[in-house]
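J.: Give the three-dimensional model of this entry:
(chains A and B, ligands or ions: 4)
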Number of protein chains: 2
Amino acid sequence: MSMDITFLGTGSAYPSPHRGASALVLRTDGDCWLFDCGEGTQTQLMKSQLRAGRITKVFISHLHGDHLFGLPGLLCTVSLNTNADPQQNQACVDIYGPVGLRKFLRVTLGLTGSQLLFPYAVHELEPTLDQSPEEGQLSMEMIADDGPLHPQEQPGRTICLDVSTDSYLLFENKKVVAKAFRLFHRIPSFGFCIQEHDRPGRLKTELLKELGLKPGPLYGRLKAGESIILESGRLVHPSEVLEETIPGRKVCVFGDCSSVLGDGPLRLCSGADVLVHEATLGNEHREKAVDHGHSTPEMAAAVARACCARKLVLYHFSQRYKPSSSQKDGDDDNVLELKRQAEDVLQDSSVEVILAEDFMNLPILLRR
Amino acid sequence: MSMDITFLGTGSAYPSPHRGASALVLRTDGDCWLFDCGEGTQTQLMKSQLRAGRITKVFISHLHGDHLFGLPGLLCTVSLNTNADPQQNQACVDIYGPVGLRKFLRVTLGLTGSQLLFPYAVHELEPTLDQSPEEGQLSMEMIADDGPLHPQEQPGRTICLDVSTDSYLLFENKKVVAKAFRLFHRIPSFGFCIQEHDRPGRLKTELLKELGLKPGPLYGRLKAGESIILESGRLVHPSEVLEETIPGRKVCVFGDCSSVLGDGPLRLCSGADVLVHEATLGNEHREKAVDHGHSTPEMAAAVARACCARKLVLYHFSQRYKPSSSQKDGDDDNVLELKRQAEDVLQDSSVEVILAEDFMNLPILLRR
Ligand SMILES: [Zn+2]
Ligand SMILES: [Zn+2]
Ligand SMILES: [Zn+2]
Ligand SMILES: [Zn+2]
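T.: Ligands and ions are numbered 1, 2, ... in the order given. Next up, the predicted model:
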């Protein structure tokens, strides 16, 4: 299974001509999963190699506008693309995000008379009270009165914290399990962990032939983990004839945060192949960053270190940090300095630090 | 008073890398009035010469996403700019648009925890039942339950059709009177007419000196329209000593429509200096255009002709029409053809046809 990430927006607060607002796409075998959707994401998508019609799942980390204001328009544009690709008409787009997201979409799509050519469902995560200061919590009044379902809306689930794992189970399919975890921010924020299942190693065909086993259904049963008794009466255990298990890849995308909540996040993200974390402001602005519920490169690096992540990708930069390609002599704030600040913390570790830029593509390879 | 229009988005349906979604700014003496606000308008604004912090009034023609989805984000960004300019903190941003707009902003700003550094008020226009097919009308259910005011929201007016003039009076100040008029579209849509007051001509200073009148308060009284009696007993009527009245300029911006409703629009827009009208599809697609509640160049030209407008500006082009600057040989749909189609209708008139492009600036000069 091929897997890669494309960053569509790496800026914070608002989209600028230099950096789009938060959005990235995780692509697995052509399926596109969108993480956050700031204003302008659909235009960024058009400029990228990705196709809007391929988006089948959306994950919204939190309800701040720079992560959300692009979603109604994106759904309308996905719909226009669906039109051209009738095979996709039936698939429901699943949308995951904090409580309030369902009403947001219902009202924005409803008042604008937006009809979609596919069904969608919003699965809401119930935050806990410690995920934000009190003023960041939505009042009952604000969430209430969300009216009848949108004509293309299917009922979604409300997902509560599984206390035993300190995480939220979003879904599991043959290939991956997707969970969310709690972050602390000005308003309730979540991170997402997409964990690919481990897969059995390749069959040692030479050995199987020596044992007198020819390619056929028995190969499949061994690969599926079954033991087999040969005509000779010999028991063949799968571990004898299979190469080492291929570990599934793990991709973790953090929403805005100044800290993680509970032990779920670090446990869940342990050994992540890619950990995407915000670094809104440089270390020298730590107080301001934390005041606004954000992280510095040092803070992001500490998380990656604690998780023993392979790669730490920094993004969600303050718009004061121009992309290094359009950096000019004399510009005060150099985004490369953010990378150095993270690397300082990770000197004696093997975590690789990467600065995300709009349209950057990051392949996620299998560990062999 | 200087007056000009800057087009920020001239595309229909969705923003593309070639054409932004609908938005234009009418600037009068530095004040910026925004007409429609599709997704990405704030980024287009940043790319233009205009300053977001200068936006003091917003006019939304109708609630389709390509005219509205950029508004919550734009208000947040205006707020960031207000921060830098404390003088503007107190001014209320007045927003005019169809019923439903108030709830749209209340819910989008509310659920996203968006705090603004200035107050705003939404003044809603009550459409009549004939402005759209029945399915385009908002249900009571959809408009209801709009919750308490946003913390920065001031109560707005609900403006009903003035039957005697077949128009909506939005506001009047020393310089202009602003009205709206009814259009027919898939959902209720409005056009806006900004009419500058006529101003007295310049004083004939040579003549005044001959009459023995020196510059002073009497000059002001004459200019204000008062008659004056000289020491000699001679009555001086303002018309004797003033040049011709300077007629106020009139700018009309039409929302999406396949026709106007009633006689208000043509009466109101009569003699417009600039009439901005949509031309979504070429004449050859008239049936499709009308089906979708849109106009062709021919239809737009007929309106401009009926109004005896001086300039007809076409915009809101289907994204199939690339800007002529990025038109390639072999591209089927040439936007210049839309101009020709409008000009055909206007051959024996003096209406000038202009194709709007993103970032085009159109000065509106006084008629001398
Ligand atoms: Zn953010
Ligand atoms: Zn945030
Ligand atoms: Zn439109
Ligand atoms: Zn429309």
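
J.: so where's chain A uncertain?
T.: For chain A, applying pLDDT under 70 flags the ranges A:83-90, A:368.

J.: Next SSE downstream of the longest helix along it?
T.: As assigned by DSSP state H, the longest helix anywhere in chain A is helix A:71-83. Later in the chain than helix A:71-83, the nearest helix or strand by DSSP states H and E is strand A:93-98.

J.: Distance from that next one to the middle of the chain?
T.: The chain centre lies 12 Å from the centre of strand A:93-98; the measure is CA atoms, centre = their mean, to the nearest Å.

J.: Report whether that strand contacts chain B.
T.: No: on the criterion CB under 8 Å from any CB of the partner chain, strand A:93-98 is out of touch with chain B, staying 9.4 Å away. C-beta coordinates here come from the backbone N, C-alpha and C atoms, glycine included.

J.: Just the CA trace of that strand, in PDB.
T.: Extracted in PDB, the C-alpha atoms of strand A:93-98 (Å, rounded to 0.1, in the frame of the first residue of the first chain):
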ATOM      1  CA  VAL A  93     -18.000  11.000   3.200                       C
ATOM      2  CA  ASP A  94     -17.300  10.500   6.900                       C
ATOM      3  CA  ILE A  95     -16.300  13.600   8.800                       C
ATOM      4  CA  TYR A  96     -14.800  13.400  12.300                       C
ATOM      5  CA  GLY A  97     -14.400  16.400  14.600                       C
ATOM      6  CA  PRO A  98     -15.400  18.000  17.900                       C
END
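
J.: what pairs with that strand, and is each one parallel or antiparallel?
T.: If you go by DSSP bridges, strand A:93-98 pairs up with strand A:55-59 (parallel), strand A:120-125 (parallel).

J.: ranges for the helices of the stretch 201-350 of chain A?
T.: A:205-210, A:217-223, A:238-241, A:264-269, A:286-291, A:297-307, A:335-345 (DSSP state H, counting those that start in this stretch).

J.: what does the stretch 251-368 of chain A have sitting close to ligand 1?
T.: Within the stretch 251-368 of chain A, the positions near ligand 1 by CB under 5 Å from the ion are A:Asp256.

J.: in chain A, which residue is closest to the centre?
T.: Centre of chain A computed as the mean C-alpha position; nearest residue by CA atoms, centre = their mean is A:Val253, 4.4 Å away.

J.: Output the residue of the stretch 51-200 of chain A whose distance to ligand 4 is smallest.
T.: In the stretch 51-200 of chain A, no residue comes nearer to ligand 4 than A:Gly113, which is 8.6 Å away by CB to the ion.

J.: beta partners of A:Ile5?
T.: A:Leu26, A:Leu362.

J.: Same check on A:Ala178?
T.: Beta bridges link A:Ala178 to A:Phe171, A:Ile194, judged by DSSP bridges.

J.: What is the neighbour count of it?
T.: Number of residues near A:Ala178 (other CB atoms under 10 Å in any protein chain shown) recorded here: 20.

J.: Check for me that A:Leu34 belongs to a strand.
T.: Yes: looking at A:Leu34 with DSSP: H, G, I helix; E, B strand; the rest coil, it is inside a strand.

J.: Give me the three-state assignment for the residue of the stretch 51-200 of chain A found nearest ligand 1.
T.: Proximity of the stretch 51-200 of chain A to ligand 1 (CB to the ion) peaks at A:Asp66, 4.4 Å away. Here A:Asp66 takes the helix state, with states given by three-state DSSP.

J.: Alongside chain B, which residues does the stretch 151-300 of chain A contribute?
T.: Counting by CB under 8 Å from any CB, the residues of the stretch 151-300 of chain A close to chain B are A:Arg186, A:Ile187.

J.: Show me where the stretch 151-300 of chain A has its strands.
T.: Using DSSP state E, counting those that start in this stretch, the strands of the stretch 151-300 of chain A run over A:153-154, A:158-159, A:168-172, A:176-184, A:189-196, A:228-229, A:235-236, A:250-253, A:259-260, A:274-278.

J.: Quick one: neighbours of the residue of the stretch 201-350 of chain A found nearest ligand 3, just the number.
T.: Residue of the stretch 201-350 of chain A nearest ligand 3, by CB to the ion: A:Gln319 (29.1 Å). When neighbours are defined as other CB under 10 Å, A:Gln319 has 18 of them.

J.: Check which helix or strand the residue of chain A found nearest chain B maps to.
T.: Nearest to chain B in chain A, going by CB to the nearest CB, is A:Asp145, at a distance of 3.5 Å. Assessed by DSSP H and E, A:Asp145 sits outside every helix and strand.

J.: ok, now which ones touch it?
T.: Under the criterion of CB atoms under 8 Å, 6 or more residues apart in numbering or on different chains, the contact list for A:Asp145 reads B:Ala144, B:Asp145, B:Gly147.

J.: same thing with A:Glu298?
T.: A:Asn283, A:Arg286, A:Gln341, A:Ala342, A:Asp344, A:Val345.

J.: pretty sure the fourth one is touching A:Val303, no?
T.: No: in this structure A:Ala342 lies outside contact range of A:Val303 using CB atoms under 8 Å: 10.3 Å.

J.: Now for the residue in the stretch 101-250 of chain A positioned nearest to ligand 3: which residues touch it?
T.: Nearest residue of the stretch 101-250 of chain A to ligand 3 (CB to the ion) works out as A:Thr112 at 10.6 Å. A:Thr112 makes contacts with A:Pro72, B:Leu63, B:His64, B:Gly65, B:Leu68, B:Phe69, B:Phe104, as judged by CB under 8 Å, 6+ apart.

J.: again with A:Asp66
T.: A:Gly11, A:Ser12, A:Ala13, A:Tyr14, A:Pro15, A:Ala21, A:Ser22, A:Gly38, A:Glu39, B:Gly73.

J.: Run a quick neighbour tally on the nearest residue to A:Leu169 once chain neighbours are set aside.
T.: Once flanking residues are discounted, A:Leu169 sits nearest to A:Lys179: 5.7 Å by CB to CB, 6 or more residues apart in numbering or on different chains. A:Lys179: 24 surrounding residues under other CB under 10 Å.

J.: domain parsing for chain A?
T.: If you go by automatic domain parsing, the domain ranges for chain A are A:3-198+A:246-363, A:205-241.

J.: For the strands of the stretch 151-300 of chain A, could you give me JSON lines that also reports distance to ligand 3?
T.: Listed next are the strands of the stretch 151-300 of chain A as JSON lines, based on distance: least, CB to the ion, whole Å:
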{"stretch": "strand A:153-154", "distance to ligand 3": "23"}
{"stretch": "strand A:158-159", "distance to ligand 3": "35"}
{"stretch": "strand A:168-172", "distance to ligand 3": "35"}
{"stretch": "strand A:176-184", "distance to ligand 3": "36"}
{"stretch": "strand A:189-196", "distance to ligand 3": "34"}
{"stretch": "strand A:228-229", "distance to ligand 3": "65"}
{"stretch": "strand A:235-236", "distance to ligand 3": "67"}
{"stretch": "strand A:250-253", "distance to ligand 3": "34"}
{"stretch": "strand A:259-260", "distance to ligand 3": "43"}
{"stretch": "strand A:274-278", "distance to ligand 3": "35"}
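
J.: The residue of chain A positioned farthest from its centre and B:Pro217, how far apart?
T.: Distance from the C-alpha centroid of chain A peaks at A:Ser232, with 50.4 Å (CA atoms, centre = their mean). As for A:Ser232, its distance to B:Pro217 is 122 Å (criterion: CB to CB, to the nearest Å).

J.: and if you look at A:Leu207?
T.: A:Leu207 is 111 Å from B:Pro217, by CB to CB.

J.: closest one to B:Thr128 among the domains of chain A?
T.: Each of the domains of chain A has some distance to B:Thr128 by CB to CB; the shortest is domain A:3-198+A:246-363, at 17.2 Å.
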